[in-house]
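**Q** Fold the stuff below for me.
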Amino acid sequence: MGNEGKRGIEIKRKPRILCLHGFRTSGEILKTQIHRRWPESVIDKMDLVFPDAPFPSQGKSEVEGIFDPPYYEWFQFNKEFTDYTNFDECLAYIEDYMINHGPFDGLLGFSQGAILSAALPGLQAKGMALTRVDKMKFLIIIGGAKLLNASIADVAYSSPIQCPSLHFLGEKDYLKPRGTVLLESCIDPVLIHHPKGHTIPRIDEDNLPVMLSFIDKIQKLVSEDYQEDLNDQQQQQQEDEVEAST
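**A** Sure thing, here's the model as predicted:
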């Protein structure tokens, strides 16, 4: 481990974040939106990974003509947003991606990806999702809401969401009322309000300090856990060496 493994050495590590895109868009589209609208001072502090959802778009995308295809969706739903298709397959896909490309510290989501991200910590705590990966440490929710399927929601929000969470609420976002209700299930959520609708907002002078403060918080959390793991590994190595010498 070298000096990095020594106790008392402060280790900083970028939070590694799985970013879940919106309905009938793609990981590349979300990546483009974030890189266009967020300053380098924010992006450079995070390790962002942008997968595509598992299912090709089954209908017309609202971003057609703005962003190039292909487009994907995480799961399908009825007109009332209460009945889901391929939801379990979606959860399995995300977990497999985390295992194959992780580890990941937290989640960032927009729209359908945000709705899914906000439900995952509760589903993980109840053993219904992400059972083979580390506990999610934080959430960044952009244009999010609660799931409306009663059987899933009863599990996902049965207990308050304990991990730190940052929420972007757009004044003209049609999901704002549902995004506000989501806050009630979060412990001490951090809010960034913006004047736009259902979109990835720009980080401006007013909300930049809030964003950077949240990133500093999760970086400290991630770094402390990382250092603890290194210390545990060093302790185990020392114990193995002692055992081997006796």
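**Q** Parallel or antiparallel, list what pairs with the helix or strand hosting residue 191.
**A** Secondary-structure assignment from DSSP states H and E places residue 191 in strand 190-194. Using DSSP bridges, the strands paired with strand 190-194 in its sheet are strand 165-170 (parallel).
**Q** export the strand it pairs with as PDB, just CAs?
**A** As requested, C-alpha coordinates have been extracted for strand 165-170 and formatted as PDB (Å, rounded to 0.1, in the frame of the first residue of the first chain):
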ATOM      1  CA  SER A 165     -29.200  13.600  -1.400                       C
ATOM      2  CA  LEU A 166     -29.100  16.700  -3.700                       C
ATOM      3  CA  HIS A 167     -32.300  17.600  -5.500                       C
ATOM      4  CA  PHE A 168     -32.800  19.900  -8.500                       C
ATOM      5  CA  LEU A 169     -36.300  21.300  -8.700                       C
ATOM      6  CA  GLY A 170     -37.400  23.300 -11.800                       C
END
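**Q** helix or strand right after it?
**A** Following strand 165-170 in sequence, per DSSP H and E, is helix 176-183.
**Q** what's the burial count for the residue nearest to residue 112 when sequence neighbours are not counted?
**A** Nearest residue to residue 112 in three dimensions, chain neighbours excluded: residue 23, at 4.0 Å (Cβ to Cβ, 6 or more residues apart in numbering). For every residue, glycine as well, the C-beta is placed using N, CA and C. Residue crowding around residue 23 was assessed by other Cβ atoms under 10 Å; the count is 22.
**Q** Nearest the geometric middle of this protein, what residue?
**A** residue 107 (1.1 Å; Cα atoms, centre = their mean).
**Q** sec struct for it, please.
**A** With DSSP: H, G, I helix; E, B strand; the rest coil as the basis, the three-state label of residue 107 is strand.
**Q** Return the distance of it relative to residue 207.
**A** Distance check for residue 107 against residue 207: by Cβ to Cβ, to the nearest Å, it reads 20 Å.
**Q** surely residue 142 meets residue 112?
**A** No - with contacts counted by Cβ atoms under 8 Å, residue 142 stays clear of residue 112, the gap being 11.3 Å.
**Q** Just want to know which of the two has more residues nearby.
**A** residue 142 (29 against 23).
**Q** From residue 200, how far out is that one?
**A** Summarising the geometry, the distance separating residue 142 from residue 200, computed by Cβ to Cβ, is 6 Å.
**Q** mind showing which ranges of this structure have poor pLDDT?
**A** Within the chain, the ranges that satisfy pLDDT under 70 run 1-11, 226, 228-244, 246.
**Q** In it, what residue spans correspond to helices?
**A** With DSSP state H, the ranges of helices along the chain come out as 27-37, 40-43, 87-101, 112-125, 150-156, 176-183, 208-245.
**Q** Give me the common contacts of residue 142 and residue 200.
**A** residue 110 (Cβ atoms under 8 Å, 6 or more residues apart in numbering).
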